[in-house]
Each structure stands twice: as structure tokens, then as C-alpha cells.
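**Student:** Attaching a predicted model along with its sequence, questions to come.
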Amino acid sequence: MSDLTQKSRPAFFNIFYLALHLGLPGYISFLHRISGTLLFLATVWLLFLLDRSLASPEQFAFVKHYLSLPLVKLPLLVLLWSFLHHFFAGIRFLFIDVHVGVDLPTARKTSVVVLALSLTLTALIGVRLW
């Protein structure tokens, strides 16, 4: 009877240990969720800036000056990465949903592609916009 009781107990998962030993596809999935959350939360700020820029020519000049500040450009750069990562990872997940690239070697390769594309395009666009 005690042997049966031991088998029915739930296993203890150390979340920190699992997070450290997660593979690249798991990190890409986690970053996809983070980037989606950042985009969702930033929508209010971006819509506010759009509203202010359309209010009057003076407000447009203020928003233009505000967006040229280095402390504002940094969050915009993070949002740019967030958009690019979410876009490319979303395409990857759409292919996975139709069972294309599900095997582990392909999943690892597509994870590298998503990470490389998002970081490279963020750097290129960020240098151009900075």
C-alpha cells in the first residue's frame, strides 16, 4: 500500500533549476510571451503619443522632441526588438501549429533563426534611427 501511495504523489519541480536548463526553443517561447506582454503594455503609451502628436503643431513638436531624448529612445529600441521577436517567433509558432519543424533539430535551428533575425534587425534599425 505504501508503494502505491508514493507513486500517486506529485513530483516536485524546482522552477529555477528547470529555467537554467531550458533549451533554446524554450527560451524563445518564453521571450515570445515577454515580448507580447511588452507590446500590449506599451500600446497605451504609444497611443498617447499618437494622440498628442495629432492634437496641434505645438504638440507635434513636443512629441518629436520627446522622442529624440536618449532615455526615450532606449524603451523604443526595446519595443522594436519586442515587435521583431514577437513577429518572427509568431511565424515560427504558426509553422509548428501545422506540424512543420516540430522535430528537435529543426526546432533548434528555427530558434536560432528567430533570435538572430530579431537581434540583427533591431541593431540595424536601431543604428539607423538613433
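**Tutor:** Received the coordinates, thanks.

**Student:** max-length helix in this structure?
**Tutor:** Ranked by residue count under DSSP state H, the longest helix found in the chain is helix 24-55.

**Student:** buried sites along that one?
**Tutor:** 25, 28-29, 31-32, 35-36, 38-39, 42, 49, 53 (16 or more other C-beta atoms under 10 Å). Quick note: C-beta positions are derived from backbone N, CA and C, even for glycine.

**Student:** Next, give phi and psi for residue 56.
**Tutor:** For residue 56, the backbone dihedrals (degrees, to the nearest 10) come out as phi -160, psi 170.

**Student:** Now do the helices in the chain.
**Tutor:** So, for the chain - with DSSP H - the helices run 2-8, 15-20, 24-55, 57-67, 70-97, 104-129.

**Student:** What mean pLDDT does the first one get?
**Tutor:** Averaged over helix 2-8, pLDDT sits at 59.

**Student:** And the third one, by the same measure?
**Tutor:** Per-region confidence: helix 24-55 scores 96 on mean pLDDT.

**Student:** Also the fifth one?
**Tutor:** Averaging the model's pLDDT scores along helix 70-97 yields 97.

**Student:** Out of the buried residues of helix 24-55, which is nearest to residue 107?
**Tutor:** Each of the buried residues of helix 24-55 was scored against residue 107 by C-beta to C-beta, and residue 25 proved nearest at 4.7 Å.

**Student:** ok so, going back, list just the nearest of the buried residues of helix 24-55 to residue 92.
**Tutor:** Of the buried residues of helix 24-55, the one sitting nearest to residue 92 (C-beta to C-beta) turns out to be residue 28, at 7.4 Å.

**Student:** Make sure the closest one is actually in contact with residue 91.
**Tutor:** No - with contacts counted by C-beta atoms under 8 Å, residue 28 stays clear of residue 91, the gap being 11.8 Å.

**Student:** Can you say which of the helices of the chain is packed in most?
**Tutor:** helix 70-97 (a mean of 16; mean count of other C-beta atoms under 10 Å).
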